[in-house]
Every structure is written in structure tokens, then in C-alpha cells.
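K.L.:
Fold the following, please.
(one chain, ligands or ions: 1)
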Amino acid sequence: MSEKILVIGANGQIGTELVAALRGVYGIDAIIASDIREPNYPTSKNNGPFEIVNVLDDDNLRKVFIKHQPTQVYLLAAILSAIGEQKPKLAWDLNMSGLLHVLDLAVEFKVAKVFWPSSIAVFGPHSPQFNTPQYCVMDPNTVYGFSKLAGERWCEYYFTKYGLDVRSLRYPGLIGWRANPGGGTTDYAVQIFHEALRNGTYECFLSANTALPMMYMDDAIRATLSLMDAPPDKIKIRSSYNLAGISITPAALASEIKKHIPDFEISFAEHDPRQAIADSWPKSIDDSAAQTDWAWALEYDLPKIVEDMLKNLKSII
Ligand code: AKB
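P.N.:
Okay, here's the model as predicted:
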């Protein structure tokens, strides 16, 4: 069967990279990129079919499904943790209604596979902080976090009730050079590279020893494609899989950057609201279920991430 893959939220940090990766696998015309705005990162690889899509507008979304009859849908449009706290109702509405619109249309149009990203934000202050297991107490206290947790329950429900093949990953903070993150708590881990190269200094909004699970974008894209390629019987978890990455603090990231830019200086802001969000999240994650079920294996450690980020960013900054 020839694939038609609709990527909703294609202009974001993940979408930009995912569209390029999918076009590399399936061909340019098989991937329909879509977003609420025209693309921000018009790289040559990303040029191809594009639609303006507002996931809150059911009619608009339906027209795109009718026109392209997608065989797979990746729904990436979301409001992240930090912006979600500034616009709680909008974050809930976009993250929840957007998902439900897509799940309903996917059932109606008999879409073969759906991908929807969850996050480490589904965990909360009473979840185990170290090596956080797949199943444990979950009491997220951000709108983003509990919208993702509710979304996971909906995904599992659509799989069980309607047989929809929906798959999901709990992404850690993602570090990539091709596109910037927008409005998350882990954004510092991308900003730090830009500022180190531009100014040689960076004021971090999280404290020096705030450990969070982080992953290089190349690993995140590979995880996404291998989850989506796995035979359905290998996908034992239909809510969302833990994905660990590596546990990184701002201090450790800065000291690795200093190995390449010896004059780089980091300072730390006091009283940033994102600190409380970071403190409520796990410091490290157990992703043994992903390793067992669909053979997940991480490639990028901290030195490799820093080397690759600096090499690539230098060529575009
Ligand atoms: C955020 O910081 O909000 C996101 C996430 C961890 O899901 N990057």
C-alpha cells in the first residue's frame, strides 16, 4: 500500500525534523506537512505538500482528511509546559480537543496508524524521581502534564474500543539544532548552545543542579520511526512508552560545552516559574519496556550531543 502521511504541527521543534526524516524514507510527495502557519524553516528537504490546518477547526481538518486520505497521521500540535501555565484553558483545549478531533477522524477515515507525543510531564511530585517506572503514581501539576496524561488515557481507549492503531512516546526534553523549541521547561538545553556560540555567555532559567531527562533529536526521531515501524503485536503499551534519554543538569551541560568553548560562562537566574515545573518532573526515567518491546537503544550520550550540536549550529548561526 502506498503511504500518505499527514504531519500536523509540522513547523515545530519535532515536526521540522520529522517531516524531513519521513520524506527521506517515503518520498517528498507522500508526506503532507501541515501547521496553523506557513513553514518557519523552509529547508530544501522540507519543501513539499503543505496545508494550513487548525486542529481546533473540525471542518478544516476534515477537508484535509478528505483531500489527502492519509494512511498515517502524526499529531504534534500542542502547547508546552511553560506557555501552558500562562494560557491554561487554551493549552487544555488545544491539547485535548485537538487530539479528540484527530482520533475521531482517524477512526472515520480508517487511518492505519496514528502517532501522538506524550511527555515526561505526565509525572508529578509524588512520582518516583529517579529511574521513574512506566507505571507508578502520576500526579502532574501542570496543565500540559495533565493534558498529556488524559491524552494517554484517550489513546489507549481508542485502541481498545475502536481498534485504532495509535502509538505514543513520553519524550524527555529534546535537544536539536534544526529548529527551536517553543515554550517548554527544557528549552534551556537548546538556548544554551545558541547563546554559547553567539555571545559566549548564557543565563539559565533553571538552577545549576536541576537534573532532567534529555534526548538528542536524532535519537528521538529514530525512536519515533522505529515505534511506528514495529509490528502491531510488539506494541504492548497503548497509552505511551517511557523514553529515557540521559539525565542532564545545566551545570553538566555547561561544563561539556566549555570543553569546546573554554571561555563560555553560565549564570543562573533566580525565581523563574519554570524551576517549579522542572522540580516536579523525574530526574531520570526507566525505559526498559521500550527496549524489550521494540528493541529501543539510545545512541547519543552527552559528549556526542554537544559535539554534534556545536558542529551543526556553527554552520547556520
Ligand atoms: C517541555 O519542556 O514542556 C517539553 C516536554 C518535556 O515535554 N519539552
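
K.L.:
Now do the contacts for the residue in the stretch 101-250 of the chain that the ligand sits nearest to.
P.N.:
Nearest to the ligand in the stretch 101-250 of the chain, going by CB to the nearest ligand atom, is G184, at a distance of 2.6 Å. For the C-beta atoms, the positions are set from N, CA and C on the backbone; glycine is no exception. Counting by CB atoms under 8 Å, 6 or more residues apart in numbering, G184 touches 80-82, 173.

K.L.:
With R170 instead?
P.N.:
R170 neighbours (CB under 8 Å, 6+ apart): 118-120, 122, 148, 240-243, 285.

K.L.:
Between the residues you listed, identify the one with the most neighbours.
P.N.:
S119 (31 neighbours; other CB atoms under 10 Å).

K.L.:
which residue sits closest to that one in space, ignoring its chain neighbours?
P.N.:
Once flanking residues are discounted, S119 sits nearest to K148: 5.0 Å by CB to CB, 6 or more residues apart in numbering.

K.L.:
Now P273. Nearest residue, chain neighbours left out?
P.N.:
In space, and not counting its chain neighbours, P273 is closest to E85: 6.6 Å by CB to CB, 6+ apart.

K.L.:
List, one by one, the residues from the chain near the ligand.
P.N.:
Taking CB under 6 Å from any ligand atom as the criterion, the chain approaches the ligand at residues 80-81, 119-121, 144, 171, 173, 181, 184-186.

K.L.:
In helices, which of the residues you listed fall?
P.N.:
81, 144 (DSSP state H).

K.L.:
coming back round to it: helix/strand/coil for the residue nearest to P273?
P.N.:
The local conformation at E85, judged by DSSP: H, G, I helix; E, B strand; the rest coil, is helix.

K.L.:
Could you count how many residues lie near it?
P.N.:
For E85, the neighbour count with other CB under 10 Å is 20.

K.L.:
Averaged pLDDT, the strand or helix carrying H194. What do you get?
P.N.:
H194 is located in helix 188-198, with elements delineated by DSSP states H and E. Throughout helix 188-198, pLDDT has a mean value of 98.

K.L.:
helices and strands around it, which ones?
P.N.:
Counting contacts by 3 or more CB pairs under 8 Å, 6 or more residues apart in numbering; DSSP states H and E, helix 188-198 packs against strand 173-175, strand 201-204, helix 250-260, helix 302-316.

K.L.:
can you name the farthest residue from the center of the protein?
P.N.:
Distance from the centre of the chain peaks at D263, with 31.8 Å (CA atoms, centre = their mean).

K.L.:
show me the contacts for the closest residue in space to that one that isn't next to it in sequence.
P.N.:
Nearest-residue entry for D263: G200, 5.4 Å, with adjacent residues in sequence omitted and distances by CB to CB, 6+ apart. Neighbouring residues of G200 by CB under 8 Å, 6+ apart: 261, 263-265.

K.L.:
make it 10 Å
P.N.:
If you count contacts by CB atoms under 10 Å, 6 or more residues apart in numbering, G200 has them with 261-265.

K.L.:
Then K110?
P.N.:
69, 71, 164.

K.L.:
Sounds good, over and out.
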